[in-house]
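*Asks:* Sequence first, then the predicted structure:
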Amino acid sequence: MIQYIFSFIILISIVVFIHEYGHYYFAKKYKVGVTDFSIGFGKELFGFNDKDGTRWKFCIIPLGGYVKFFGDSNAASQPKSISKIDVNDRSKLLSSKPLYQRAIIVSAGPIANFLLAIIIFATIFITVGKDITLPVISEVRQDSPADLAGLKSNDQITFIDKKKIQSINDVALLITTSTNDKISIDVIRNKKQLSFLITPEKKIIKDNFGNLSERKLIGIKIEPLKGQLERKRMGPSQALYLSIKETYNTISMTLSYIGRMIVGKESADQLGGPIKIAQISGKVAEYGLVPFLSIMAYISISLGLINLFPIPLLDGGHLFFYFIEFIRGKPLSENVQIYFYKFGMALLFTLMFFATFNDLKSLGLF
């Protein structure tokens with residue numbers, strides 16, 4: 001348990017620091033005052049003031065962080081009424097800057113998260129290598145969807161839904177995230193290319209972390225084609241390309257899942273919160289540095305993406321306000337913004353409660 005907590009704090013602190021430093025860097029670049037740079041919420045544990053008067057601090061609740069700009073009334077960058085700010089200090093306000101500068105400052109946090117993921121992936125691909133293990137079917141469960149469709153042991157899987165299999169890990173991923181009622185699977189059998197359409201079954205299974213989750217299954221077991229996992233080290237340019245591609249694919253699949261969930265085609269039970277992150281990060285840390293860094297990259301992508309959702313209090317909410325300001329030629333009134341901030345806070349608390357409930361349910365507590 002202590003290892004899980006420690007791993008979670010390390011992971012979330014790094015991801016949050018990178019996110020908030022993106023905001024901080026461009027705020028300083030455009031001469032916006034920064035009063036606080038916090039890792040965590042609540043009571044301060046320790047910290048220091050830099051030469052510009054910014055308070056850098058670690059707080060007792062390690063579930064996020066914030067950069068507080070000069071003139072903000074809270075950590076969510078909700079501005080005070082400009083009438084309450086001294087005229088001589090108004091040039092330090094975020095709201096005093098041109099629209100494009102404000103948009104850059106706000107979007108820099110999520111972008112920093114995406115860049116962190118790209119750097120982590122590229123470093124792994126260059127130093128350790130990318131998994132290029134090709135999969136072969138070792139067993140087909142009797143009367144399973146795969147068996148009924150005609151798949152057999154020793155079939156080498158080459159494509160799923162017309163997407164080329166680059167790694168053994170792609171098989172479960174592409175089956176689980178497929179949006180089709182019937183999944184197209186291409187295999188090589190006796191040097192011949194064959195295609196099959198398979199209707200997956202949905203089952204509640206226990207994953208490697210002990211959580212119950214719904215998965216799409218076709219009833220096969222796979223193993224490495226040559227009997228062992230293979231990795232290939234990449235050159236810098238190829239590693240960078242594949243890292244960007246991995247980050248893009250993760251964003252795309254996440255948005256696809258959320259879209260299907262909204263229209264009722266996917267269960268919302270898969271949404272997780274801090275407990276699940278702590279559980280996953282602690283378990284993965286047991287397998288070494290590379291798996292831990294990999295999960296850090298995926299969580300960094302998730303944090304950056306979530307913050308771009310157009311919900312007041314999140315970065316995407318601010319960008320949404322800026323978009324309205326761009327269209328109208330003037331910002332929304334303070335009263336309207338306050339109303340949206342209250343709505344955003346209620347929505348975020350609801351989502352946090354739901355995610356935590358899912359975490360506890362997956363642990364068998366409900």
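*Replies:* Cool, the structure landed.
*Asks:* And stretch 151-160, what's buried?
*Replies:* 151, 155-160 (16 or more other C-beta atoms under 10 Å). Every residue, glycine included, has its C-beta placed from N, CA and C.
*Asks:* Filter the residues you listed down to just the ones in strands.
*Replies:* Applying DSSP state E to those, the entries found in strands are 156-160.
*Asks:* Just flag the most distant two among these.
*Replies:* Using C-beta to C-beta, these reach their maximum pairwise distance at Gln156 and Ile160, which is 12.5 Å.
*Asks:* What ranges does the stretch 101-250 of the chain have for its strands?
*Replies:* 130-131, 135-140, 156-160, 163-164, 183-189, 192-198, 201-206, 212-217, 220-224, 231-232 (DSSP state E, counting those that start in this stretch).
*Asks:* Put together TSV for these, with mean pLDDT on each row.
*Replies:* TSV is the format used below for the strands of the stretch 101-250 of the chain (pLDDT from 0 to 100):
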stretch	mean pLDDT
strand 130-131	88
strand 135-140	91
strand 156-160	92
strand 163-164	90
strand 183-189	93
strand 192-198	92
strand 201-206	74
strand 212-217	72
strand 220-224	90
strand 231-232	88
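*Asks:* possible to save those strands as CSV with distance to Phe340?
*Replies:* Formatted as CSV, these follow (distance: least, C-beta to C-beta, whole Å):
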stretch, distance to Phe340
strand 130-131, 44
strand 135-140, 48
strand 156-160, 42
strand 163-164, 40
strand 183-189, 42
strand 192-198, 46
strand 201-206, 38
strand 212-217, 34
strand 220-224, 49
strand 231-232, 48
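*Asks:* closest one to Ser302 among those strands?
*Replies:* strand 212-217 (16.4 Å).
*Asks:* which residues are in contact with stretch 140-148?
*Replies:* 137, 151-153, 198-201, 217-220 (C-beta atoms under 8 Å, 6 or more residues apart in numbering).
*Asks:* Can you turn the buried part of those residues into a ChimeraX selection?
*Replies:* In ChimeraX syntax, the buried subset of the contacts of stretch 140-148 is picked out as below (16+ other C-beta under 10 Å):
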select :137,151,198,200,217,218,219,220
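*Asks:* Can I get the contacts of stretch 140-148 in a markdown table including distance to Ser13?
*Replies:* Shown next, in a markdown table, are those (distance: C-beta to C-beta, whole Å):
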| residue | distance to Ser13 |
| --- | --- |
| Ile137 | 42 |
| Leu151 | 45 |
| Lys152 | 49 |
| Ser153 | 47 |
| Ile198 | 43 |
| Thr199 | 44 |
| Pro200 | 39 |
| Glu201 | 41 |
| Leu217 | 37 |
| Ile218 | 40 |
| Gly219 | 42 |
| Ile220 | 40 |
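*Asks:* right, and the pair among the contacts of stretch 140-148 with maximum separation?
*Replies:* Largest separation among the contacts of stretch 140-148 by C-beta to C-beta: Ser153 and Thr199, giving 20.6 Å.
*Asks:* my guess is Ala297 contacts Leu115, does it?
*Replies:* No - counting by C-beta atoms under 8 Å, Ala297 stays clear of Leu115, with 10.7 Å between them.
*Asks:* higher neighbour count, these two?
*Replies:* Using other C-beta atoms under 10 Å as the criterion, Ala297 and Leu115 rank with Ala297 on top: 26 against 17.
*Asks:* Beyond the lowest-mean-pLDDT helix or strand in the chain, next helix or strand please.
*Replies:* When the helices and strands of the chain are scored by mean pLDDT, DSSP states H and E, helix 274-285 comes last with a mean of 57. Tracing the chain C-terminally past helix 274-285 and defining elements by DSSP states H and E, one meets helix 289-306 next.
*Asks:* Many thanks, I have nothing further to ask.
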